[in-house]
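K.L.:
fold the following, please.
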Amino acid sequence: MNPGNPSSPGRTRVDVAVVGAGIAGLYALHRFRGSGLTVRVFEAADGVGGVWYWNRYPGARCDVESVDYSYSFDEDLQQEWNWSEKYAAQPEILAYLEHVADRFDLRRDIEFGTRVTGIALDESTMTWQVDTDTGSAVTARFVVLATGPLSNANTPAIDGLGSFAGQLLHTSAWPHDGVDLGGQRVGVIGTGSSGIQAIPVLAEQAAQLHVFQRTANYSVPAGNTRLDDGIRREQKANYAQRRRLSMASGGGSPHRTHPRSALEVSAAELRAAYEQRWQLGGVLFSKTFPDQLTDPDANDTARLFWEDKIRAEIVDPEVAELLIPRDHPIGTKRICTDTDYYRTYNRENVRLVDLRATPIDRIDAGGLHTTESYFPLDTLVLATGFDAMTGSVAKIAITGRDGRTLNDTWRDGPATYLGLGIPGFPNLFNLTGPGSPSVLANMVLHSELHVDWVAEAIGFVDGRGAKGIEARADAAAAWVAECADRAAGTLMTRANSWYLGANIPGKPRVFMPFVSGFGVYGEIIAEVAAAEYKGFDLLG
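P.N.:
Purely as a prediction, here's the structure:
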């Protein structure tokens, strides 16, 4: 540990300041403390959990199997925790993260209810001055942004939204005590992941549910099941192999794609492979065959199988056609994971409103006007997603070399080296954001991969007696170009997705994640580290 220069008056001196106490922030605190570093974590919420603290809407559930969506860093933790379901719901995931915080005594170094407002580089000492809305402040040698790629809620600019006199809710800020919708007329705007999960539950509660859909999305049933002691014993006995396969995989789960192209197998084998993935459930349907997201004809085989499944679920064929996407290949937006979503439209109290045909005109005190109809509402739910990947970072005033802000630096799109380092912002690391697999991978294992890499990089800096490490501009430019080239070689750029920032008006259209797989990415950043952090400058 390098003690460096004394902290500024009124500031505590720490080795690392971490922003966020979600999955990545909790592990960062544990890992850095284990390396002998002093750490302070700042968290805006009143508890740990990040996205799982905030997103408490009905039906909120992870789309990665619980046994995989968990920390791998401690074998005792793996063996002692018992998941109740294949796909855990929000309360259970939050309970798990609270257990981790208590088990490893993490809360004592976390300041809750504290939002970081400014992070400024002091070039004379090569340290960061971190300020918050509570007045708490630190001087840190390193800053780690663990804000999460899906943590800045997107509230659409709809005329009259602020005048609505009923109950206005956003799925990402659901009341912790729940909401009673019994006997109410409820509207939901948005049919992305949160909407698709919430709508079946809301339909059971509301007297009338109006679903306002602008863009249909692909969703695959979760096929969720309870886990018994026998299943858990088998999973825990095979954890080492399961983790090894996950770390080498495309998305951070142990399941493998079919070895052959979707266009090379027989019709019977094709259908059997898709049926097997359908029964597995969830997002991995897009990875049934290796060429599903690179070859349009291969993608069509998955689309046609999916469409047949969905049409069989829905009684009204006109409604079915509205729920079938026509604007993007299947899997180029993240496939959602649902429980009885499509069957919900067979209920008499549910109406689907096509906003492509009749857009929202305005909202008034009593309800919502489309260009064709008026819908009186008691509660309006915004399931409108997030300003993904960069939104939370953009809310912090981060100032690097020569007084240049990160928002200015990223004005034309986020530029990173490996998704970790940013030229002009030495000793600052961004976790699981643009330039990394990010939301295309299992976020728990991804967080561990990034945090371990950063911890080792700090050890390298300290071992050399240096002041810091900084990504080179040429290395970042080459990485941005490589990420763009890899994305262009797939079908992923054919969708107006939040991967591109397409859901946020005025946001630069840049495909932000690294698309070539979690395992490939892990190999790349390991090679960089092994080559003494090539592409980075060591600061004397």
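
K.L.:
helix or strand for Glu482, which one?
P.N.:
helix 473-488 (DSSP states H and E).

K.L.:
buried set for that helix?
P.N.:
Using 16 or more other Cβ atoms under 10 Å as the burial criterion, the residues of helix 473-488 that qualify are Ala475, Ala476, Trp479, Val480, Cys483, Arg486, Ala487. Yep, even glycine has a C-beta here, placed from its N, CA and C like the rest.

K.L.:
same for that helix, what does it pack against?
P.N.:
Applying 3 or more Cβ pairs under 8 Å, 6 or more residues apart in numbering; DSSP states H and E, we find helix 473-488 packed against no helix or strand.

K.L.:
avg pLDDT for it?
P.N.:
When pLDDT is averaged over helix 473-488, the result is 97.

K.L.:
past it, which element shows up next along the chain?
P.N.:
Trace forward from helix 473-488 with DSSP H and E and the next one is helix 518-530.

K.L.:
for that next one, name the packing helices and strands.
P.N.:
So helix 518-530, by 3+ Cβ pairs under 8 Å, 6+ apart, packs with helix 239-247, helix 443-463.

K.L.:
change it to 7 Å
P.N.:
With contacts taken as 3 or more Cβ pairs under 7 Å, 6 or more residues apart in numbering; DSSP states H and E, helix 518-530 sits against helix 443-463.

K.L.:
chain center to the very next helix or strand once past the helix it packs on: distance?
P.N.:
Going down the chain from helix 443-463, the next helix or strand is strand 468-471, by DSSP H and E. For strand 468-471, the separation from the chain centroid amounts to 26 Å (computed by Cα atoms, centre = their mean, to the nearest Å).

K.L.:
list of residues touching strand 468-471?
P.N.:
Here strand 468-471 makes contact (Cβ atoms under 7 Å, 6 or more residues apart in numbering) with 126, 417, 421-423, 426-427, 457, 461, 533, 535-539.

K.L.:
what do you get if the cut-off is 6 Å, keeping everything else the same?
P.N.:
With Cβ atoms under 6 Å, 6 or more residues apart in numbering as the test, strand 468-471 has contacts from Met126, Tyr417, Gly421, Pro423, Pro426, Asn427, Val461, Phe536, Asp537, Leu538, Leu539.

K.L.:
wait, Pro376 sits on Gly367?
P.N.:
Yes. Using Cβ atoms under 6 Å, Pro376 makes contact with Gly367 at a distance of 4.3 Å.

K.L.:
so if I had to pick from those two, which one is more boxed in?
P.N.:
Gly367 (19 against 13; other Cβ atoms under 10 Å).

K.L.:
isn't that one right up against Leu380?
P.N.:
No. Contact criterion Cβ under 6 Å: Gly367 and Leu380 do not qualify, at 8.1 Å.

K.L.:
packing partners for the worst-scoring helix or strand of the chain on mean pLDDT?
P.N.:
Ranking every helix and strand in the chain by mean pLDDT, DSSP states H and E puts helix 391-394 at the bottom, with a mean of 92. With contacts defined as 3 or more Cβ pairs under 6 Å, 6 or more residues apart in numbering; DSSP states H and E, helix 391-394 has no helix or strand neighbours.

K.L.:
show me how far the following helix or strand past that helix is from its chain's centre.
P.N.:
Sequence-wise, the next helix or strand downstream of helix 391-394 (DSSP H and E) is strand 397-399. With Cα atoms, centre = their mean as the basis, strand 397-399 stands 23 Å off its chain's centre.

K.L.:
so who does Trp453 touch?
P.N.:
By Cβ under 6 Å, 6+ apart, the contact list for Trp453 reads Ile525.

K.L.:
mind checking how far it is from Gly522?
P.N.:
9 Å (Cβ to Cβ, to the nearest Å).

K.L.:
measure Asp109 to Pro200 for me?
P.N.:
Taken as Cβ to Cβ, the span from Asp109 to Pro200 is 40 Å.

K.L.:
of the two, which one has the most company?
P.N.:
Between Asp109 and Pro200, Pro200 has the larger neighbour count (other Cβ under 10 Å), namely 21 against 17.

K.L.:
helices and strands around the host helix or strand of the more buried one, which ones?
P.N.:
Here Pro200 is covered by helix 193-205, with elements defined by DSSP H and E. The contact analysis (3+ Cβ pairs under 6 Å, 6+ apart) places helix 193-205 against strand 185-189, strand 208-213, strand 336-338.

K.L.:
how about 10 Å then?
P.N.:
Under the contact criterion of 3 or more Cβ pairs under 10 Å, 6 or more residues apart in numbering; DSSP states H and E, helix 193-205 touches strand 185-189, strand 208-213, strand 219-221, strand 336-338, strand 350-354, strand 379-382.

K.L.:
pull up the pairing partners for the longest one, direction included.
P.N.:
In other words, strand 208-213. strand 185-189 (parallel), strand 350-354 (parallel) (DSSP bridges).
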